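Engineer: Next come a sequence and a model predicted from it.
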Amino acid sequence: MTDLTTTYLGLNLKNPIVASASPLSKKLDSAQKLDEAGVGAIVMYSLFEEQIIHESLELDHFLTRGTDSFAEAMSYLPESSSYATGPGKYLDHITAIKKTVSVPVIGSLNGVSKGGWTSYARHIQDAGADALELNLYYVASDPNLTSNELENAYVELVADVKSNISIPLAVKLSPFFSSIPNVCQKLVEAGADGLVLFNRFYQPDFDLDDLDVIHTLHLSTSAELNLPLRWISILYGKIKADLALTSGVHTAQDVIKSMMAGAQVTMLASELLTNGPRRIPDILSVVESWMQERDYASIKQMQGSMSQNAVREPAAFERANYMKVLSSWKEQL
């Protein structure tokens with residue numbers, strides 16, 4: 001019988017499909033549907049640093065103080081009714097979901113600075129979360145902020161959060177670093193038990209009729225898989241942390257590729273938001289059939305089998321791949 005089990009952050013999962021942070025975890029019934037569909041684990045929607053500060057009125061104080069010089073400051077946060085529930089309700093929701101589902105539940109904190117808000121990592125643990133995912137999402141727009149300063153701030157934040165909890169900690173990163181392996185290594189040394197590659201930066205757009213900046217949300221496609229696939233393949237066996245691949249996972253083939261690159265789990269959000277939890281058993285069925293046809297007895301047997309350390313041409317993940325792709329296109333002309 002094919003063994004689809006895997007381990008992630010010290011948790012034993014029945015399969016490598018994890019529901020990533022999304023609106024699907026905001027309601028008990030949708031979380032239950034994910035569980036019934038066979039998901040391996042559920043990552044909660046994110047609790048934002050700004051929400052926690054706002055709850056304590058500190059952010060309100062600073063925003064109000066700056067409105068004379070920064071008129072847009074008051075619109076920094078959406079109305080409370082339009083974004084996720086506050087910190088207290090978030091913690092209660094974790095507890096409720098833990099009582100409802102049979103799979104591990106991973107809390108999610110989204111923030112970038114050190115401060116009192118990081119104590120919520122312990123609150124999330126106390127609410128029953130089996131692990132915590134820290135989503136580092138920051139757009140560096142200050143020309144005077146160096147990459148080294150920003151990376152050090154990330155490392156300090158991870159160490160701060162880790163010091164508040166005893167459950168495993170995963171760090172979700174963007175791909176916008178000069179040296180991804182070095183940043184990953186420093187984060188692991190600071191206490192990260194796992195790395196989630198990559199989060200997606202949502203880009204603003206322009207409304208040419210109203211001449212305004214508007215917010216757009218485009219769900220991922222399988223075309224986005226190659227970027228995290230490359231870096232999971234490179235990091236596997238070099239960084240002592242579990243690896244989760246996210247962004248671009250939509251099909252059974254995407255899951256298989258992720259496992260062979262070296263990921264412990266794949267995280268889905270866009271596919272589940274588009275087609276619902278019913279996609280989970282469909283994907284798992286195809287994965288299992290593919291494994292049986294090729295005599296793979298387990299997911300663990302597949303993991304890392306196509307990583308940079310395992311393939312015949314390790315340079316294919318580096319500059320040589322760039323040259324080869326360009327040459328192949330020229331040959332088609």
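Structural biologist: Sure, I can see it. Residues are numbered from 1 along each chain as shown.

Engineer: Look through this structure and tell me its longest helix.
Structural biologist: Secondary structure of the chain per DSSP state H: the longest helix is helix 147-163.

Engineer: Need the mean per-residue confidence for the following helix or strand past it.
Structural biologist: Where DSSP states H and E defines the elements, the next helix or strand beyond helix 147-163 is strand 169-173. Mean per-residue pLDDT for strand 169-173: 98.

Engineer: quick one: buried residues of strand 169-173?
Structural biologist: 169-173 (16 or more other C-beta atoms under 10 Å). Yep, even glycine has a C-beta here, placed from its N, CA and C like the rest.

Engineer: for stretch 194-211, same thing?
Structural biologist: For stretch 194-211, a neighbour-count test (16+ other C-beta under 10 Å) marks 194-200 as buried.

Engineer: Just those: which are in strands?
Structural biologist: Of these, the ones assigned to strands by DSSP state E are 194-197.

Engineer: Distance check, Pro204 against Leu136.
Structural biologist: 20 Å (C-beta to C-beta, to the nearest Å).

Engineer: swap in Phe206?
Structural biologist: Going from Phe206 to Leu136 by C-beta to C-beta gives 27 Å.

Engineer: check contacts around Lys98.
Structural biologist: With contacts defined as C-beta atoms under 8 Å, 6 or more residues apart in numbering, Lys98 is in contact with 105, 127-129.

Engineer: can you pick the most crowded of these?
Structural biologist: For the contacts of Lys98, the largest neighbour count, defined by other C-beta atoms under 10 Å, is 26 neighbours, found at Ala129.

Engineer: and the angle for the strand or helix carrying Ile234 with strand 169-173?
Structural biologist: Ile234 is part of helix 226-235, with elements assigned from DSSP H and E. Relative orientation of helix 226-235 and strand 169-173, computed by axes from the mean of the first three to the mean of the last three C-alpha atoms, to 10 degrees: 130 degrees.

Engineer: Could you export stretch 234-244 as PDB, CA atoms only?
Structural biologist: Written as PDB, here are the backbone C-alpha positions of stretch 234-244 (Å, rounded to 0.1, in the frame of the first residue of the first chain):
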ATOM      1  CA  ILE A 234      18.900  24.000  -3.800                       C
ATOM      2  CA  LEU A 235      18.200  24.200   0.000                       C
ATOM      3  CA  TYR A 236      17.400  20.600   0.500                       C
ATOM      4  CA  GLY A 237      20.100  18.900   2.500                       C
ATOM      5  CA  LYS A 238      21.900  22.200   3.100                       C
ATOM      6  CA  ILE A 239      19.600  23.900   5.600                       C
ATOM      7  CA  LYS A 240      18.600  22.000   8.800                       C
ATOM      8  CA  ALA A 241      15.000  22.800   8.700                       C
ATOM      9  CA  ASP A 242      11.800  21.400   7.200                       C
ATOM     10  CA  LEU A 243      10.800  22.900   3.900                       C
ATOM     11  CA  ALA A 244       7.300  23.800   2.800                       C
END
